[in-house]
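Novice: from the sequence below, what's the structure:
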Amino acid sequence: MKKGIHPENYRLVVFKDMSNDEVFLGKSTADTKDTIEFEGSEYPLIKMEISSTSHPFYTGKTKLVDTAGRVDKFMNKYKKFAK
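Specialist: Predicted coordinates:
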């Protein structure tokens, strides 16, 4: 492997799925200012909206993830066309 091309800040971080509060430990170079205590140690925290624990492709369930109220806005807008 070539020297000097790999990131220096490759470290253990905790990823948190915000849709179901699932957390897991992995490695990343992503910058974050948040930290969390996980299994007795403190790690940097990276928040995600969706992960393999909540994505319909991996879970086999259809789950509606609405973080900005878009679905409610759509339903209210087109309510008059419902039969």
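Novice: centre-most residue in the protein?
Specialist: Geometric centre of the chain, nearest residue: residue 48, 1.8 Å, by CA atoms, centre = their mean.
Novice: show me what that one is bridged to.
Specialist: residue 17 (DSSP bridges).
Novice: can I assume it is in contact with residue 14?
Specialist: No - applying CB atoms under 8 Å, one finds residue 48 not in contact with residue 14, separated by 10.8 Å. All C-beta spots, glycine's among them, are computed from the backbone N, C-alpha and C.
Novice: picking up where we left off before, would you enumerate the residues in contact with the residue nearest to the centre of the chain?
Specialist: Taking CB atoms under 8 Å, 6 or more residues apart in numbering, we find residue 48 in contact with 15-18.
Novice: distance to residue 69 added to those residues, as a markdown table?
Specialist: Putting those into a markdown table (distance: CB to CB, whole Å) gives the following:
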| residue | distance to residue 69 |
| --- | --- |
| 15 | 25 |
| 16 | 22 |
| 17 | 20 |
| 18 | 15 |
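Novice: out of the helices and strands in the protein, which is least certain?
Specialist: helix 56-59 (a mean of 64; mean pLDDT, DSSP states H and E).
Novice: now the element after it, going C-ward?
Specialist: helix 70-77 (DSSP states H and E).
Novice: farthest pair within the contacts of residue 48?
Specialist: Spanning the widest gap among the contacts of residue 48 are 15 and 18, at 10.3 Å by CB to CB.
Novice: who has more neighbours, these two?
Specialist: Counted by other CB atoms under 10 Å, residue 15 and residue 18 do not tie: residue 15 has more neighbours, with 19 against 14.
Novice: list the contacts for the closest residue to residue 51 other than its chain neighbours?
Specialist: Computed as CB to CB, 6 or more residues apart in numbering, the closest residue to residue 51 that is not its neighbour in sequence is residue 17, at 4.2 Å. Counting by CB under 8 Å, 6+ apart, residue 17 touches 23, 48-51, 53-54.
Novice: follow-up on the earlier one: using CSV, lay out the contacts of residue 48 together with distance to residue 39 and pLDDT.
Specialist: Listed next are these as CSV, based on distance: CB to CB, whole Å; pLDDT from 0 to 100:
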residue, distance to residue 39, pLDDT
15, 14, 93
16, 14, 91
17, 17, 88
18, 20, 84
